[in-house]
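Novice: build me a model from this:
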Amino acid sequence: MAGRASGQVRVDHAVSSGTFSLDDETHQVDNNIWVVGDDSECVVIDAPHSVEDILAVVGKRTVKAILCTHAHDDHVRVAPALRDRVVAPIMLHPDDQPLWDLTHGGERGHLWDVDLADGQTIEVAGTTLTVIHTPGHAPGAVCLYAPELGCIFTGDTLFQGGPGATGRSFSDRSTLDASIRAKLFVLPDETVVHTGHGPDTTIGAEAAALGRD
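Specialist: Here you go, the predicted structure:
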């Protein structure tokens, strides 16, 4: 587990391994676990694969929310079980209900608790995360921008090397490209991009590669 500090607030990170399934295909994947907070409280960004892996990063802190960047099963499969352990609301953009239902539909008590909306702010440990709706990889995909920490959590919207995958159900490449250029490439170039899978990058590096239009 690694920590990136900014004053008392920090970003903690680990990796959890499991599967991603959609459109009758299943793949082995490694997902990043991101936790933002201080020594007392935090938020968890996505809930991949293993509750125990996530709790190892959280430690004894109070979890204020489980923030889902989108509802592909490798990002939300253990969200209800994590909610039960930490007693915190699951937050998801409602446009991702079709994907959520593929994993949790029909299971009583397995809905998320609070809708995320573009421009919404979430306070934790004296810092603010702003929700940026970035559809394309998934209809309800969001990024979580922490300007005071100089970073953004992009889920599967933007990676080192370009946009997230499309070509699967509920995804669209032109919509994703438009989201990235209109919503992300307007951020400062030095903004660190913490991704759902793989290494960090920066807004400037990806804008240089893809072009801002």
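
Novice: shouldn't Ala165 be in contact with Asp172?
Specialist: No. Judged on Cβ atoms under 8 Å, Ala165 makes no contact with Asp172 at a distance of 11.4 Å. Quick note: C-beta positions are derived from backbone N, CA and C, even for glycine.

Novice: low-confidence ranges in the protein?
Specialist: The chain contains residues with pLDDT under 70 at 1-7, 106-109, 213.

Novice: show me where it has its helices.
Specialist: Secondary structure of the chain (DSSP state H): helices located at 51-58, 73-76, 79-86, 97-104, 173-179, 203-210.

Novice: can you say which of the ones you listed is nearest to Asn31?
Specialist: Closest approach to Asn31 among the helices of the chain (Cβ to Cβ): helix 73-76, 5.6 Å.

Novice: so how far is Pro48 from Gly59?
Specialist: According to Cβ to Cβ, to the nearest Å, Gly59 and Pro48 sit 18 Å apart.

Novice: JSON lines for the helices of the chain, including mean neighbour count and distance to Phe153?
Specialist: Below are the helices of the chain laid out as JSON lines (neighbours: other Cβ atoms under 10 Å; distance: least, Cβ to Cβ, whole Å):
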{"stretch": "helix 51-58", "mean neighbour count": "18", "distance to Phe153": "14"}
{"stretch": "helix 73-76", "mean neighbour count": "25", "distance to Phe153": "11"}
{"stretch": "helix 79-86", "mean neighbour count": "19", "distance to Phe153": "16"}
{"stretch": "helix 97-104", "mean neighbour count": "19", "distance to Phe153": "18"}
{"stretch": "helix 173-179", "mean neighbour count": "17", "distance to Phe153": "15"}
{"stretch": "helix 203-210", "mean neighbour count": "16", "distance to Phe153": "13"}
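
Novice: of those helices, which is nearest Cys42?
Specialist: helix 51-58 (6.2 Å).

Novice: contact partners of that closest one?
Specialist: By Cβ atoms under 8 Å, 6 or more residues apart in numbering, the surrounding residues in contact with helix 51-58 are 1, 12-14, 16, 33, 35, 42, 44, 47-48, 78, 81-82, 85-86.
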